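Here is my input, please return the structure:
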Amino acid sequence: MKRRQFIKNSMAVSTMAAVGLKSLSASAAERKAGNQEYYELRAYHSKSGGNRAPLESYLEKAAIPALNRLGAKPIGVFTQQERAGAASGTEIRDSNTLFLLIPYPTLDSFATAAARLSADEEHNKSGSEYLHLPKDTPGFDRIDSWLMLAFSGMPRLEQPPYSREKKSRIFELRTYESHSEIKAIKKVAMFNSGEIEVMHEVGLGPIFFGQALLGPGLPHLTYMLSAENEEEHKKHWGEFGKHPTWNKLKNDPEYADTVSKIKNWFLMPTAYSQI
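Purely as a prediction, here's the structure:
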């Protein structure tokens, strides 16, 4: 019963989100060409002292190549950065979590991905060790997963040159929770009405923006920023805070009280991450 109610409530939020995005973000959709992607963000949680090597080997050698063959690319894999403190927001520290970001071109490609991976002989062969781990030595403790719809103001994942070329880079993953569904939709509209453009302008290196449709902690949105190093990232945030468009948006009564809580993670890409 609880599961049925969860699905019912989640789909109600998704329906409201879709309607709200259509009505509030039309101008942004007109500015950008191309259909909106869907993103799956997974957090693989491991127990302290656990062996994550089989999981990482599986992702690198089996899962990512197979997902690429399904049209899901580029795929990002991240660990939490060791750092002294947070530049902004409420930083979440969890060194036992591996983050996986998968972009899907359509909702159908997401819905059929698991079955298609299961039927992929190359995937099953390359990932055999991980896929058949015994119960007493699992590859992870639990997985959290979120399904997100790309914002119309940035309908597809983007990568600055340093990310595409796999140069030194860091990432910040940020989640904005809202106290109501309508306020969550308003915050998406605020991004589409100029906030995304400002982030590009000041060099914050946006990777993706996604409105959560399914998963724990609804309603919220999640996005990812990037930089060549932490010093540059802090500099870009400073420029963002002084930008006249941002200050106009944050003082607009239409967008008041859209965020009730901010969480953020500072991440480093694994050697095999495609982002």
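
Only C-alpha atoms from now on, for both contacts and neighbour counts.
Noted.

For Trp117, which three-state class applies?
Small correction: residue 117 is Leu, not Trp. Judged by DSSP: H, G, I helix; E, B strand; the rest coil, the three-state class of Leu117 is helix.

That one reaches Ala66, doesn't it?
Yes - counting by CA atoms under 8 Å, Leu117 does reach Ala66; the two are 6.8 Å apart.

which neighbours do those two share?
Residues touching both Leu117 and Ala66 by CA atoms under 8 Å, 6 or more residues apart in numbering: His123.

The two: who's more crowded?
Neighbour totals were compared for Leu117 and Ala66, and Ala66 leads with 22 against 18 (other CA atoms under 10 Å).

Could you find the closest non-adjacent residue to that one?
With sequence-adjacent residues excluded and distances taken as CA to CA, 6 or more residues apart in numbering, Ala66 is closest to His123, at 5.9 Å.

again with Ser109
Leu70 (7.7 Å).

so which strand or helix has the residue nearest to Ala66?
Assigning secondary structure by DSSP states H and E places His123 in helix 121-126.

hmm, who's touching that helix?
Contacts for helix 121-126 (CA under 8 Å, 6+ apart): 58, 61-63, 65-66, 117-118, 131.

now, which of those sits nearest Ile262?
Using CA to CA, Ala63 comes nearest to Ile262 of these, at 31.0 Å.

Please tell me I have it right and the closest one contacts Tyr130.
No - look at Ala63 against Tyr130 with CA under 8 Å: they stay out of range, at 10.6 Å.

which residue ranges form the helices in this protein?
Using DSSP state H, the helices of the chain run over 2-24, 26-31, 53-58, 64-69, 107-111, 113-118, 121-126, 128-131, 161-164, 181-190, 196-201, 230-242, 244-250.

chain center to the last one, what's the gap?
Think helix 244-250. Here the centre of helix 244-250 is set off from its chain's centre by 24 Å, with CA atoms, centre = their mean, to the nearest Å.

Would you confirm that Leu41 contacts Phe110?
No - Leu41 is beyond contact range of Phe110, at 11.7 Å (criterion: CA under 8 Å).

distance of the spatially closest residue to Ile64 that is not a sequence neighbour from Asn68?
Leaving aside its chain neighbours, Ile64 sits nearest to Ile75 (7.0 Å; criterion: CA to CA, 6+ apart). For Ile75, the distance to Asn68 (CA to CA, to the nearest Å) stands at 8 Å.

Just want to know which of these two has more residues nearby.
Legend: neighbour count by other CA under 10 Å for Ile75 and Asn68, higher for Ile75 (18 against 15).

Next, the contact list for that one, please.
Ile75 touches 64, 100-103, 273-275, counting by CA under 8 Å, 6+ apart.

tell me the two of those that are most distant?
Distance extremes for the contacts of Ile75: the farthest pair is Pro103 and Ser273 at 13.2 Å, using CA to CA.

Great, nothing more from me.
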